[in-house]
Each structure stands twice: as C-alpha cells, then as structure tokens.
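K.L.:
with the sequence up front, the predicted model follows.
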Amino acid sequence: VVVADSEEICDRALKLIKILWEERPFILDMDESLKPDAPKIMSEVKRHNPSAKEPNTVAAEEVEIGDVKKGFAEADKVIEYTIKRAWNTPAGVEALSCVARWRGDFLDIWVHHQVSPQGNLSASQESWITSGITLGKAGRPFTDWSKITLTFPYQGSLFGGLAWLGYSTAFVRLATVLAKRAGGKPVKLLYDESNFYCNGDEAGTFVCKVGVKKDGTITAAQWDIIGVRNPIFDKTYECTAIPNVRGTHKWSFVNKGLQTCFRHGAHACVPHGVMMDRVAVELGLDPTEVALKNDGCRGHDWDWVTRYQKDNGFPQRWSLKEVIDAGKEAVGWDRKWHAPGAKKLANEKMHGVGFISINEWDWRGKWDWHDTGCLACLVVRGGKVNILALHSDSGINTESGFRQCVASELGMNCEDVLVQEQHSDVGTYELAAPGGSWGTPFTVPQLVVAARELKQKILGYAVQSRPGFSIEPVSAFFPNQKPGELDIKNSEIY
C-alpha cells in the first residue's frame, strides 16, 4: 500500500518501487490442482475448512437428500452428460475507490459501491463480515452509526455486493483506518484494475446423471462438480419437485483471481437449464413443459406449494407458469419452437429458440447481515407516495420494483408512487443494496409492512374531521364511516 498526500506524489512513489519476483509453481486448471501429485501452490494461505487436504484442496463436500439410488431405479431412463464452464471475468470500466475523512468522532465516507458500509463500521460484535481490520481495542466498532455520513455517487460497472475483493468488508475499513491515522485529512484509497482480478463463481466441471420418467418427471439428479459451488442444493433443489438429489463438490487453489458471486443465480442457470433441456431432447418434449412438470420446492410438487400458499395467506399464483405463458405469447413460442438442430436457414445457419429458468430469491433472507437491512420512510405529498431512503443507483432500475410493491399494497397507481433517492445521508433511512438477489428480498418485505401501515393511516384520516384555518374543523371526507368500510383503488379512496 502506498499512501501519499496527493495522487501525483503517489504515482511518483509507485514508479520508484522495485519488485523482485520469485518464480513459483503455478496451476491454472482446477482439475489438475486436485491431483494428489500436483505441486503445492499458495502455501502461505490458511485453509480453515475441515475437509481441506494437501496439496491444494480448499474444500470437499458430499450431500444427499432423499434416496438417489431408489430414484434412478424408478426412472424410465437415466441420462448422463458432462458440462465444462469457463471462468467469467467482468471487464468493468471503473476502479475500486473510497474516500474517508474523520471530523473528530464523526466519519464522512464516499464509496464506489452499492453496499452501505455503515453497519459494518459500527458493528459492536465481530463476525465474518466485520473481522480483520479493527480500530482501537479488538471488537470495538469504528464509531456510532449516527456519526457516519455516507455519500453514494451514481455507480457504474457493479457486479454484486460481495465482489471486488471484499470491498464492503475490508476495503472501506482500510480507508477508514488510514484516514484516522492521517489526523483529519481526507484519504482516498484506489485499487485500479481491480475488476480484472476477480472472476465469477460459475466456472467448473459438472458430471451429471439424471433419472426421468417418460412424461418428463425427474426422479433423481446427481451432480458431481469441480468448482467453487454446487448449485444443485442452493438453487435446483429449492425450486423443483425433484425428491432425490445428490451432489459432490471439490474446490482447489488455482493461480487465477478470486472467484466470488458477481451475479447471484448465474452459477445455477446453466447446469439447471441444461438438465431440463437434456431431458426434453431425450424424450422429445418442449423444455417449458419439462420445467413446469418439475416445478416445486424442496422435492414437493406445485400442488403442495399451492396448499402451502393457501394455508399461510400467500396469493394463489404459479409464477413460473405465468412467466412462461406471457413469454410464449410475446415471442410466438408455439409457432417458432422446434427440437434442437431440426431447422437450418437458407444461409446455412442453424435456427433455434431456447428457454431457461431458475429460482432467484431464496437465500438472502436467512442471513444475519449487519449492513444490508432496510428502513424506508413513506410520505404522502400532493397525492403522491414518496419512498424516502438512501440508495445507490447502479443503473439496474430496482426502483421500479419497489414502486410496484408499494403501489400494489396501497391500491395506488404505480405512477403515483415515487422513489426519492438520496445519495448522501447518515443512514436514518436506507434501502438495501440494489443488486438483484440482494435488494429485492431485503427491501420489499419492509416496504410491504410500511405500505400496509400507511394505508390504514390514510383510511383513518379520511374518516376524521381535520383542523382548518378557522376555528371550526373541516368535515371528514367520509363522515359517519369507519376505516374498515373504505378501500383504495387506482389512487382513489372509495
């Protein structure tokens, strides 16, 4: 780390550094790295997983749910295939940066990220998200949340909350420490070209075995992978009726950049979609039919999900079928779809139309994150409902989803619900990071609760007399009626 009073001095210092390189063994392929006779690489890295072993294995896992052997025996056909996925490296155009400045006990920070670090910097208990860099005594927070002023400029080239070498957990904290040592001077921390040293977590070799009935019902699935994650459990099992699944997973060091979650769900899309496609091809079925046949949750079919929805007060909706039906109509699927490789165009190019689906929202809500909560303020002004909160605009338009959820709960038209996005605040009100898998499950439940409370206040106000400019109060909009007798539709009370 080079620290200087200006970027010019920092650049001059960087040019004066002389580096002595030591050539060491390197491996670029994870399959090669897992071999028992492979040269040991990254010997200085500590491996804490109990399943880690020499020379290079970071973790190994084997999990089975149900009875895979029984599921294969019940199948009319067993399909086996292998998928190999390459590394995905986002080529961002903006470097990782942070500016921090202390004013006594007060901290001002400007971050280039979509995640608010205020909870991270003010956490009173150490966890994996707040560990590593501390200020003062071990475990002591940097400062109180209310003393941190955060500024979110417009963001570009962002690929997920955990990306960029742990930006939200370590990088901002390091800038804060350096600023404290600078005695009140602002400190800018810059890590140029950082995007190019990170990779997605979807790469790997997938050896797959699937048992299926003639009607497309999958009875068992087994995925043995070499890579960072096996999505058969955190995605496919979560969103299908497949009762028997088994997965093995081996992860080892390679001399490439960090692999992390840039686009949650991306690691699952291809193996999940290929499984549905392979079943459809082998049985001569439409892949959308195969997806619907196996739609469900944790081994339960959609009839079970429907009963669960009814028993727990959820809307009676089959979201996958709704999306498929709308998509089919939009693209003319029933007219255009045909089996893969069955149609060649006049220019000798192959013609085809594909389909893929995956469950996106299933795991964030289970985590106890200190810096990703949501607290929004809903304000009615001039017939419009305004959502007031700190939020990072990274250009992916999560705001429209927030507006639609609030409008639906209130009975308002969507155009009558606005997001008053604040780019600087001390964190009184804050929307969760906008990243697709992150922002929606953390933010929407809070907005739904707030919208329901606001609706009751609006209806209660409609039946009460109101203070006027004169001595006499103004009559209620709906005198002699109770709030429960009213409702809101198309932004009007009736």
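P.N.:
All right, it came through fine. Since this is a predicted model, take the numbers as computed values, not measurements. Numbering: from 1, shown residues only.

K.L.:
mind checking pLDDT for residue 158?
P.N.:
As predicted, residue 158 sits at a pLDDT of 59.

K.L.:
then residue 454?
P.N.:
94.

K.L.:
check the gap between it and residue 150 for me.
P.N.:
Distance, residue 454 to residue 150, by Cβ to Cβ, to the nearest Å: 26 Å. (Glycine included, C-beta is placed from N, CA and C.)

K.L.:
so for those two, which sits in the more crowded spot?
P.N.:
residue 150 (23 against 18; other Cβ atoms under 10 Å).

K.L.:
so what are the sheet partners of the strand or helix carrying that one and their directions?
P.N.:
Assessed by DSSP states H and E, residue 150 sits inside strand 148-151. Applying DSSP bridges, strand 148-151 is found paired with strand 106-111 (parallel), strand 424-425 (antiparallel).

K.L.:
now it: buried residues?
P.N.:
148, 149, 150 (16 or more other Cβ atoms under 10 Å).

K.L.:
tell me which of the strands paired with strand 148-151 is the most buried.
P.N.:
For the strands paired with strand 148-151, ranked by mean neighbour count under the definition mean count of other Cβ atoms under 10 Å, the leader is strand 106-111 at a mean of 20.

K.L.:
quick revisit: redo the strands paired with strand 148-151 as JSON lines? Include distance to residue 402 and mean pLDDT.
P.N.:
Below are these laid out as JSON lines (distance: least, Cβ to Cβ, whole Å; pLDDT from 0 to 100):
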{"stretch": "strand 106-111", "distance to residue 402": "21", "mean pLDDT": "89"}
{"stretch": "strand 424-425", "distance to residue 402": "17", "mean pLDDT": "68"}
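
K.L.:
mind putting the ones you listed in CSV, distance to residue 310 included?
P.N.:
Output for these, formatted as CSV (distance: least, Cβ to Cβ, whole Å):
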stretch, distance to residue 310
strand 106-111, 44
strand 424-425, 41
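
K.L.:
now for whichever strand or helix holds residue 458, which elements pack on it?
P.N.:
Here residue 458, judged by DSSP H and E, is contained in helix 436-462. Where contact means 3 or more Cβ pairs under 8 Å, 6 or more residues apart in numbering; DSSP states H and E, helix 436-462 is packed against strand 377-381, helix 399-410, strand 488-489, strand 492-493.

K.L.:
right, and residue 205 touches residue 225 too?
P.N.:
Yes. Here residue 205 reaches residue 225: they are 6.5 Å apart, a contact under Cβ atoms under 8 Å.

K.L.:
tell me where the stretch 201-350 of the chain has helices.
P.N.:
Applying DSSP state H, counting those that start in this stretch to the stretch 201-350 of the chain gives helices spanning 231, 266-283, 287-293, 302-311, 319-331, 333-336.

K.L.:
and for the fourth one, what are the contacting residues?
P.N.:
Okay, so that is helix 302-311. 241, 295, 296, 297, 300, 314, 315, 316, 317, 318 (Cβ atoms under 8 Å, 6 or more residues apart in numbering).

K.L.:
can we see that at 6 Å?
P.N.:
Residues outside helix 302-311 that contact it (Cβ atoms under 6 Å, 6 or more residues apart in numbering): 295, 296, 297, 316.

K.L.:
next one: the fifth one
P.N.:
Under the criterion Cβ under 6 Å, 6+ apart, residues 288, 292, 295 lie in contact with helix 319-331.

K.L.:
and residue 103, what are its bridge partners?
P.N.:
Bridge pairing for residue 103 - DSSP bridges - gives residue 106.

K.L.:
ok, and for stretch 173-193, which residues are buried?
P.N.:
Buried, per 16+ other Cβ under 10 Å, within stretch 173-193: 173, 174, 175, 176, 177, 178, 179, 180, 187, 188, 189, 191.

K.L.:
ok, now stretch 477-492?
P.N.:
Neighbour-count burial for stretch 477-492 [16+ other Cβ under 10 Å]: 478, 483, 486, 488, 491.

K.L.:
ok, so of those, who is nearest residue 249?
P.N.:
residue 488 (50.0 Å; Cβ to Cβ).

K.L.:
neighbours of residue 8, just the number please.
P.N.:
Counted by other Cβ under 10 Å, the residues lying close to residue 8 total 9.

K.L.:
got the CA coordinates for the host helix or strand of it in CSV?
P.N.:
Under the criterion of DSSP H and E, residue 8 resides in helix 7-16. Taking C-alpha atoms only, helix 7-16 is exported to CSV below (Å, rounded to 0.1, in the frame of the first residue of the first chain):
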residue,chain,number,x,y,z
GLU,A,7,-2.3,11.3,-6.4
GLU,A,8,0.8,12.9,-8.2
ILE,A,9,3.1,12.0,-5.3
CYS,A,10,1.6,8.6,-5.0
ASP,A,11,2.2,8.0,-8.7
ARG,A,12,5.8,9.1,-8.4
ALA,A,13,6.3,6.8,-5.4
LEU,A,14,4.8,3.8,-7.2
LYS,A,15,7.4,4.3,-10.0
LEU,A,16,10.2,4.2,-7.5
